[in-house]
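Asks: This is the structure alone, sequence omitted:
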């Protein structure tokens, strides 16, 4: 993204990550157990976040990532490192063809700055 832009998931991106969560939440407790997380990210080089990232998002009493925490992690990842989000979307099977790719799941905002001189 060019300087001065922010990127966020749009509804298509949120829907994709919601679908992934539902697919791998085998026991339907709205949390991802360590086994469910490993299963989800089995096609990826690793889980996209270290354990320290889970300190700031919603987990259950066992420390498992909740649906809300999962979506918040992807919203934050997209804001801070959109390339990582697009990379993991590809690993997780986001549809990519001549008419469709990960950028369809993103919105970019350009900020203009006005400098006031006193």
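Replies: Now that the structure is in, tell me what you want to look at. Source: prediction; values computed, not measured.
Asks: show me where pLDDT drops low in this structure?
Replies: The model of the chain has pLDDT under 70 over residues 1-3, 53-54, 111-118.
Asks: Give me the most central residue, it.
Replies: Nearest to the geometric centre of the chain sits residue 74, at 2.2 Å (Cα atoms, centre = their mean).
Asks: can you tell me the helix or strand for the closest residue to that one other than its chain neighbours?
Replies: Excluding the flanking residues, the one nearest residue 74 by Cβ to Cβ, 6 or more residues apart in numbering is residue 17, at 4.9 Å. Glycine gets a C-beta too; all of them are placed from N, C-alpha and C. Assigned by DSSP states H and E, residue 17 belongs to helix 11-24.
Asks: ok, residues contacting the next helix or strand after that helix?
Replies: Next in sequence after helix 11-24, counting helices and strands by DSSP H and E, comes strand 31-32. Applying Cβ atoms under 8 Å, 6 or more residues apart in numbering, the contact partners of strand 31-32 are 21, 24-25, 40, 59-60, 62, 64-67, 70.
Asks: Residue 41 reaches residue 35, doesn't it?
Replies: No - using Cβ atoms under 8 Å, residue 41 makes no contact with residue 35, being 11.4 Å away.
Asks: Neighbour count for those two, which is higher?
Replies: Neighbours per residue, other Cβ atoms under 10 Å: of residue 41 and residue 35, the larger number sits with residue 41, 18 against 11.
Asks: host element of residue 87?
Replies: For residue 87, the host element (DSSP H and E) is helix 82-91.
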